[in-house]
Each structure stands twice: as C-alpha cells, then as structure tokens.
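In: Kindly generate the corresponding structure for this input.
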Amino acid sequence: MIRPSIAVTRIVNSCVLLEMDGHAVLTDPWFTERWWLRRGEPLGLRIAALPPLTAIVVTNLATNHWDLRALRAFPGRSGTPLYVPTRAMARRAGALGFRRAERVRWGETREVAPGLSMRVVPSGRTLGWPNNAYVFGSAGGRVFFGGEAGEVEPLRRYRAEHEAVDLALLPVNGLRPRFGPRLVMDPARAVAGAVAVGAGVLVPVHDAHGHDPFSRLFRTSGTAADAVRLAGPGLRVVDLPTGERWEPAVT
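Out: Modelled structure (predicted):
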C-alpha cells in the first residue's frame, strides 16, 4: 500500500527527485545538455532548486545518467552519500568533493538514513559496464528504481526472493542503436517489469530522446502514453510531465 509520504518529481530522462518519509533521493542526475546530447523535453527542476538530499544514486556512467559537470554546482557535495556502480565513478566523484562517494555492487544493502533502506539490484550491463537498479524502503512503502533497466527477468528474480514493491520507476522508450541490441525497456517490458516486482503504480522514465547528432545513431520504440494503454487493471501508469510533483492518493 502506498501512503502519501511518497512523492515523485520527474526532472528529465531518468533523473527523478524521490521523496520518502522526509528523505529526498536524487536519481541519475542530468541537468546540463551537450551539443551532442539533448533532452527532448523540458528540464523539470534546476540543480539550484533541489532540496537537501539524503542520497544520490546512479545507474550507469552515461552522461545523461551521470552529469558530473552539473554536480560541481551541488552545494551538499561533502556530506551527501553518492552511490555509483564502478570504482572509477566513485574516484571521479571524490575528486569533485563528494567525500561519501561509494561504489555499490549488486546484492549489497545500505541504511541510507534512519528509516530509509536501499538494496542494489542487478540491471544488466552496457558495453560490459554494470547497470545498478535500486530498491528503497521506508515506513511509507517500497520503491523500485531502474533507470537503465532493459529486461524483465532480473526483476522477476528479485521478486522471487523479496517482498513486493509499491511503486516502480522504469524506462519506456526502448532506446537502441540503429544496428544493435535494445538498451532499455520499451513500454510492454516496463509494464511487465512493474507487474513482476508487484508494483501497483508505474511511473515511466527514460521517455523522451532529443534531436541531436547522437539521435541519428539510435531509435526509440515507445512512450509513456503507450505504457498507459498497455497496462492491465491491476497496474496504474502515471504519465508524469517533467517538473510536476506527484503524490499517490491514500489507498
């Protein structure tokens, strides 16, 4: 059951401000465009407007999930835990002033703050590099965040050993190279993935894709609106515009 102590603000791509019982977690920070990498949707929140953060989590080293240039302007660098999937990312963050930057591996858990737990979940690999997913738990519910999740099976394996989550944040645009394998979930897989982890609500992320030189090399295969149409009666899909803070109704 989701209680109103959970709130989600989608910032852009899979960058989300997740609030749980008074704790604020930022996922996959991306605030600055590059000439070769555009958002394709409005930026929902600027880094200067962020509240004090309990933690920052990163799924992979792609620029639109790991915007070190923007994080230089984050005032809480020295005291905010930053969880990343590789040692090199932790070293780079440490050099930037994140004294609590830490590599976390699949299966590891952390007590991020009193009343807020985190488990690292396998989410496949991109060009050999590991992608992390994260499950957050608090008195208000459980949230699955898979900013670069590509397949449903790891979510099924997670659910086979752990209790259901209340809310899932999963990719929907099915991004893939024009001549290569799909990198993230499409709408059908996002819906199936949310069901696999037992979520009653899916908030799609990794939706838009900007028109830039990179976009000529990639193609997408769906949107959040498609996930809304595909969802069955047991799953609510919230097609959340960037910048809009969403809280579930009391259930």
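In: And for Leu127, the neighbour number?
Out: Neighbour count of Leu127, defined by other C-beta atoms under 10 Å: 8. (C-beta placed from N, C-alpha, C; glycine too.)
In: nope, Gly232 is what I meant
Out: Using other C-beta under 10 Å: Gly232 sits among 7 other residues.
In: For it, list the residues it contacts.
Out: Listed by C-beta atoms under 8 Å, 6 or more residues apart in numbering, the contact partners of Gly232 are Val191, Val195.
In: what about it, distance to Ala160?
Out: Taking C-beta to C-beta, to the nearest Å as the measure, Gly232 falls 21 Å from Ala160.
In: Work out which residue lies at the spatial centre of this structure.
Out: Gly147 (3.5 Å; C-alpha atoms, centre = their mean).
In: wait, that one sits on Ile11?
Out: No: contact between Gly147 and Ile11 fails when scored by C-beta atoms under 8 Å: they sit 11.7 Å apart.
In: Just the buried residues of stretch 161-175, please?
Out: Using 16 or more other C-beta atoms under 10 Å as the test for burial, stretch 161-175 gives His162, Val165, Asp166, Leu167, Ala168, Leu169, Leu170, Pro171, Val172, Asn173, Gly174, Leu175.
In: ok, now how distant is the first one from Ser123?
Out: So the one you mean is His162. 15 Å.
In: Can you list the residue ranges for helices in the stretch 51-200 of the chain?
Out: 68-71, 87-95, 153-161, 187-196 (DSSP state H, counting those that start in this stretch).
In: would you turn the ones you listed into TSV with mean pLDDT and distance to Leu217?
Out: Formatted as TSV, those follow (pLDDT from 0 to 100; distance: least, C-beta to C-beta, whole Å):
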stretch	mean pLDDT	distance to Leu217
helix 68-71	95	22
helix 87-95	97	24
helix 153-161	97	26
helix 187-196	98	22
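In: Cool, thanks, signing off.
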